[in-house]
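[1] A predicted structure for the sequence below; I have some questions about it.
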Amino acid sequence: MPSLIVFLILVVLTSMFGAIFRPGTWYDELIKPALTPPGWIFTPVWLTLYLMIAVAGWTLWNKVRSLRNPAMICWGGQLIVNAVWSWLFFGLQRPGLALMDIVVLLILIISFIRLTWPISRASSLLFIPYALWVGFAAYLNLGFVVLN
């Protein structure tokens, strides 16, 4: 159980870093892509996804017990790339850079799903909603780049 706490702390730190960079007047003035959800939806969705990310990492860790495992490397990598997106998009106000970041994030998430399937199906399945949400977020990010 102590290892679950470590995974939860890592995810909370990622979330806290991302939360530093908030949408502001710059974001409010952007032309929004079709299907942009209301702002309030992001908190419950990300809260749920972050919990699933932590449990997926912890579940995989209990199977492989190695930071050198390719799936564990993807898990750690996606956490870093996830945190950087808010800084690029909201902090630097660079949607184009954020789009490149989110594509890398999606690749890491899909790689994690593929790599964990034979080791821990639960970990793979926990990342599927994450992949779907990040895919949708990539569509939105692309929309911001094209429209603005």
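    Happy to help now that I have it.
[2] Quick one: residues contacting the residue nearest the centre of the chain.
    Centrality entry for the chain: nearest residue to the mean C-alpha point is N82, 4.2 Å, by C-alpha atoms, centre = their mean. Contact analysis of N82 by C-beta atoms under 8 Å, 6 or more residues apart in numbering lists T14, G18, L105. From N, CA and C alone the C-beta is placed, and that goes for glycine too.
[3] for the protein, what spans make up the helices?
    The residue ranges that make up the helices of the chain, judged by DSSP state H, are 2-20, 25-28, 42-64, 70-86, 95-116, 121-147.
[4] got the contact list for the fifth one?
    Among residues not part of helix 95-116, those counted as contacts by C-beta under 8 Å, 6+ apart are 56, 60, 70-71, 74-75, 77-78, 81-82, 84-85, 88-89, 123-124, 127-128, 130-131, 134-135, 137-138, 141-142, 144-145, 148.
[5] how close does F7 get to T48?
    15 Å (C-beta to C-beta, to the nearest Å).
[6] Name the residue in the two with the higher neighbour count.
    F7 (20 against 13; other C-beta atoms under 10 Å).
[7] So that one is in contact with M52, correct?
    No: counting by C-beta atoms under 8 Å, M52 is not a contact partner of F7; they are 11.1 Å apart.
[8] Surely F21 touches S86?
    Yes: counting by C-beta under 8 Å, S86 is a contact partner of F21 at 4.3 Å.
[9] With distance to T36 added, can I get the helices of the chain in JSON lines?
    As requested, the helices of the chain are arranged in JSON lines below (distance: least, C-beta to C-beta, whole Å):
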{"stretch": "helix 2-20", "distance to T36": "18"}
{"stretch": "helix 25-28", "distance to T36": "11"}
{"stretch": "helix 42-64", "distance to T36": "11"}
{"stretch": "helix 70-86", "distance to T36": "16"}
{"stretch": "helix 95-116", "distance to T36": "13"}
{"stretch": "helix 121-147", "distance to T36": "6"}
